[in-house]
Structures are given as structure tokens and as C-alpha cells.
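>>> okay, structure incoming, though there's no sequence with it:
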């Protein structure tokens, strides 16, 4: 049998060495989540088939009945909203994944190993974010097929996608917290419907907020998802009726989306790590 | 001798339930200690505290020389955990699971793969190495789980009910595997609900109930405290029950118990199997025909009845509670 290197005591380790191993652990755990997807590709339905169905449903079924304030094509309008929805959609997936690991006892195995406390969560978040990159690609191709286009420069387009992914990153931390608190995957799944579906619809993702009743309009205009959708429409050069809305986030959608994402990350990332450490403590 | 596990006055409450109520424990390095108790006795909670998964409300514990709360990182480097609550990734292959654990324990990819293959071979899982864990049988799963806990060659191994829910054959295989580990010098703390399992594997047995140690000793001492094994015979219809009772009375170590309705005769039988041929010869001389014969060893229930005056099986209401807690 081969001998293992003698493990170094954690307390005597330099900060840089700890950081190195935290990263290495994160990488191993990211690979693990990705390998799961390779074995169970149906996990990707959320980011592949579902956006295609939504785009087709909304452009051809609902879109014909929706008039945009200020004019413009609904086909062009919809894709920005789909980016917004995709960003919110990462959270339930993360929640279900983490609660499944909690329930199976896998998290206990990780917690009993000498690994960085944040690595387990970071691995999951990074893997979920990568599937979102795939989702964005699917969305772009689908959009191009139904007559959506990018009408501003490549820098703006990249900025739009970057804002979407940063928001998705922020939302996965919220999902991680939810997954840790609900150790039952079915409950985490239900949370997706109860919180994230309304969050998606009470926004400007699918319809302009101008037609909503006053209080609901206020919620929709301040919804982070609306900020992401409006930023995408702005930066892709698509029709953006939100520009006619006086609410501050709709006047500065890019800044609002970034601020929302920073805020969500600052709150939920440390909270997720805290919950992970304190779980069952 | 050095202590691999040293716990004193461990206390842990969950709401109004007291899972650990001042538990003391000492495990000498290189030995196997069985933590024996019924469901809900606090065995799993004790293992969770000792493996740094749970913080005790009161009391201290040191594992492999390190405090489980203030030096949790060091403890995690030196222990392995397998059993009820440390699982594997169902959707990965057995090999991928072991490689992952190896890499998390700071082995290079190549060494992690080599270590995984070593362990797969040792636990007879090479054929299933590349299949998803979800296709594994209960016995294979436990073996893989145990393999995962051994990747980093722990000094102290915690096995939480390693054979609960396994069929008898898989159970024997698991016992064999655990015995080989012990021969390698690993310190093992295992929890079990089965007296015969503790008897088979453990050098010392610690009996816990309601979060406290209620008895401690070698399996032999423990059984002796409970009383001897019993010899029970079922006499064939038409044979002389009285004659059978006479033979058993001469050979037994206590009063004969007669069940005329079921044609059963039983007696405390301290002499054990060595004495059995003589008993059989006497029975046949007396013209008694047998339907069945068994030597009954004291069960966990007997141990608990003797030690605590209540049966090992908890009231049904207690079960779901522990499931929620952990």
C-alpha cells in the first residue's frame, strides 16, 4: 500500500496555502456537480428545453395580444425578460440540489472532512452558474430563430450577459440559503413555485408594467428581475418600455441590477456559509 | 495506553428531548469499542459530537488527542465516518465517489485514483466500480461507504450502525471487513443495536440508554451480568415431557421452565455447547424424541431488562423524533 503524505495541522497552515486548498476543494466539488449532470442530463431541462418552450409560448400565444407602450416587436421585447427569468431560475435549482445533499447525508460526509467550509457551497454555486451559461446560449439561439436581434455593439451585448450572470450568481446564494433551511428537496422545489414563479411574473419580464395596478406596478418596477430584463433590452437595443417608467431602477437598470446583485451576494453568501457551519450545531 | 477517544459529561438537548445526558466514554487506541443501545439511546448523537458534526451543550471530548470543538479541523484529518448519516453521491459511480473523497483529502488526481482502486479491490467492488451508486445493493453501499471513510487512512474510525438494515449474508461480509480493519490497528468506535454484533466485533461494550452509560465491560462480562444462555427443547408429541424436564434439571444451572401447551422445556444452561452431547445422550436414553433444540443467548432486550428494567424497544412515539433531530 502506498503511504499518504502526513496531513498538516490546519492551525499551522499559512493563509495562502489554505486559500490554495480551498480553491482546489472547490474545483473538485464543482467537477462533482458537473459529473452528476453528465450522468443525468435531464437535470439540464430547466436551462435547455424550458426556455425554448417559454419563448415559443410567449411569442406566438400571448405575444400577439400584448401591445408595447412606445411600440416595437414583442419577439424582440421578450428575450430580455427571458434573461431576467433565467437569472431568477437558478435559485430553486440550487436550493433543490443542496437540500438533496443535506437529506442524503452527503453534506455530513463533507462536513466531517478537513475541507474548507465554503468549498461545498461554492462548488455548487459555480456549477449551477455554468449551466446558466449554457442556458444563455440556448436562449440566444432560440431568440435569433424567432426574430430577436442584437442591435448594439458587442461590448454592450457582453455587458448584458455579464449582468445576467452576476445576478444569477447572487440568486444562487439565496437558493443555497433556502436549500440549507429546507432540508427536504420537495419543500425546496415548492419554494421555487411559491417564490420564484411570482417573482418572475410580477416584473416586466413578460409584460410591460404600465398596465398593472399601482401597488403591483411599484413592486414590479423595483423587482431585481425587472432591472436585469430592462438592462438586457437596453444593452441589446431591443424595445424597452420600462424606459418610460419613472421609478429609479427603471431609469438606471444596469446600475440597479448590479446593486441588487451586490446586495444579494453580500447578504446571502455569508449567511449560506454561516448556515452550513451551524447546521445541526 | 493512550486514549483515542475521551469524552466526559457530554450533554446535548434538542428542544425538550435530552439526547446526551452526561455521557462519559474512553476508547483505548487500537481497540474496538461497541456503543450498544436501542433506537433513541443517544448513540448517533454521540457519534455526531465526536465527529465534529454536532456541538455539545456541555462537556468535552477529545478524539485522537484533539478537542472536537476547538480543534475540529485537526480532528477531521484523523477520523473516518461511515454509517447511517454519512452518505455518498448517488448519481456518481462508486469509483468517482472515492476519487472525489481522495482529492478532497488532498491527494493528487493520480494518487486519489490509485487509492480508490485499492479500496474497491479490497471491498470486492471492482466489478461495480463504474456503475452509479444508485444501482448498488444495500450491502455494496455500506461497503463503499466504509471504503470512503478509509480513503485518508484515519486513526480513529466511527461506524454508525454499520449493518442495520442489511441481510444476514451482507452482515457477515461487513463483519469480516471490519475485522480486517481492526487487525490493521485502526481504533474503531461502532454503534449497534445488536448484542451479537458487539459480541463479534468489540473488545469492550458500552451500553447506553437515555443518553447515559448504564453498563460497561467486555462482551463476556456483560453477558455474565445478564445471566447465562438457556437451553430450550421442543419435545415430539407423545414423548415424555416429565422425563425431558428431569434430564434438563440435572444438566441445567437453574430452575426448569415447563410449557406443556407447546411441549417446550427450557433451563438456564451455563455449561454451553460443550455439555450438549451429554444432554442429548441422556435424552435419548430416557426415550425422549425431539422436534427442535436451541441454545438461546441473552438478547439486547434481556440486557436492557436486566440493567434498566425496561425493554430495549422504545415506545413508538420516540422514533420519529430522533429522525427529525438528526
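Okay, I see it. All of these numbers come straight from a predicted model, not from anything done at the bench. Numbers count the residues shown, from 1 in each chain, chains lettered A, B, ... in the order given.
>>> not counting residues beside it along the chain, what's closest to the one residue in the stretch 101-250 of chain A that gets nearest to chain B?
Distances between the stretch 101-250 of chain A and chain B by CB to the nearest CB are smallest at residue A:105, namely 3.5 Å. Quick note: C-beta positions are derived from backbone N, CA and C, even for glycine. Excluding the flanking residues, the one nearest residue A:105 by CB to CB, 6 or more residues apart in numbering or on different chains is residue B:87, at 3.5 Å.
>>> what does the pLDDT read for that neighbour?
In this model, residue B:87 is scored at 83, pLDDT.
>>> what count of nearby residues applies to it?
Using other CB atoms under 10 Å in any protein chain shown, residue B:87 has 21 other residues around it.
>>> does it touch residue A:108 like I think?
Yes - look at residue B:87 against residue A:108 with CB atoms under 8 Å: they come within range, at 7.3 Å.
>>> what about residue B:203, distance to chain A?
Computed as CB to the nearest CB, to the nearest Å, the residue B:203 to chain A distance reads 24 Å.
>>> and the spatially most central residue of chain A, what element?
Taking CA atoms, centre = their mean, the centroid of chain A lies closest to residue A:168, which sits 2.6 Å from it. Here residue A:168, judged by DSSP states H and E, is contained in helix A:154-181.
>>> quick one: that helix to chain centroid distance?
4 Å (CA atoms, centre = their mean, to the nearest Å).
>>> which other helices and strands contact it?
Where contact means 3 or more CB pairs under 8 Å, 6 or more residues apart in numbering or on different chains; DSSP states H and E, helix A:154-181 is packed against helix A:74-104, helix A:119-145, helix A:185-191, helix A:224-236, helix A:253-278.
>>> and those, which is most packed in?
When neighbours are counted by mean count of other CB atoms under 10 Å in any protein chain shown, the highest per-stretch mean among these falls to helix A:224-236, a mean of 28.
>>> tell me the contacts of residue A:184?
Residue A:184 makes contacts with A:99, A:103, as judged by CB atoms under 8 Å, 6 or more residues apart in numbering or on different chains.
>>> any idea how far residue A:190 is from it?
Using CB to CB, to the nearest Å, residue A:184 is found at 9 Å from residue A:190.
>>> residue B:123 now?
Taking CB to CB, one finds residue B:123 at 39 Å from residue A:190.
>>> quick one: the strands in the stretch 201-326 of chain B?
B:204-209, B:212-217, B:230-235, B:257-259, B:264-268, B:290-296 (DSSP state E, counting those that start in this stretch).
>>> most tightly surrounded among the ones you listed?
The highest mean neighbour count among those belongs to strand B:204-209 (a mean of 24), with neighbours defined as mean count of other CB under 10 Å.
>>> pull up the pairing partners for it, direction included.
Counting by DSSP bridges, the strands paired with strand B:204-209 are strand B:32-36 (parallel), strand B:212-217 (antiparallel).
>>> how about residues contacting the longest one?
Which is strand B:212-217. By CB under 8 Å, 6+ apart, the residues outside strand B:212-217 that reach it are B:21-25, B:42, B:204-208, B:222, B:225, B:303, B:307-308.
>>> and which of those is nearest to chain A?
Set against chain A, the nearest of these by CB to the nearest CB is residue B:42 (14.9 Å).
>>> can I assume that closest one is in contact with residue B:20?
Yes - assessed by CB under 8 Å, residue B:42 is found in contact with residue B:20 at 5.0 Å.
>>> return the residues of the stretch 1-150 of chain B in contact with chain A.
B:48, B:51-55, B:71, B:73-74, B:76-79, B:81, B:84-92, B:96, B:100-101, B:103-107, B:111, B:114-115, B:118, B:132, B:148 (CB under 8 Å from any CB of the partner chain).
>>> listing request: residues of the stretch 1-150 of chain B with sub-threshold pLDDT.
The model of the stretch 1-150 of chain B has pLDDT under 70 over residues B:1, B:85-86.
>>> ok so, going back, where's the residue nearest to residue A:105 relative to residue B:142, distance?
Taking CB to CB as the measure, residue B:87 falls 11 Å from residue B:142.
>>> check contacts around the residue positioned nearest the centre of chain B.
In chain B, the residue lying closest to the centroid (CA atoms, centre = their mean) is residue B:192, at 2.9 Å. Applying CB under 8 Å, 6+ apart, we find residue B:192 in contact with B:34, B:35, B:36, B:161, B:162, B:163, B:164, B:198.
>>> quick one: which of those residues is most hemmed in?
In terms of neighbour count, residue B:36 stands highest of the contacts of residue B:192 at 31 neighbours, by other CB under 10 Å.
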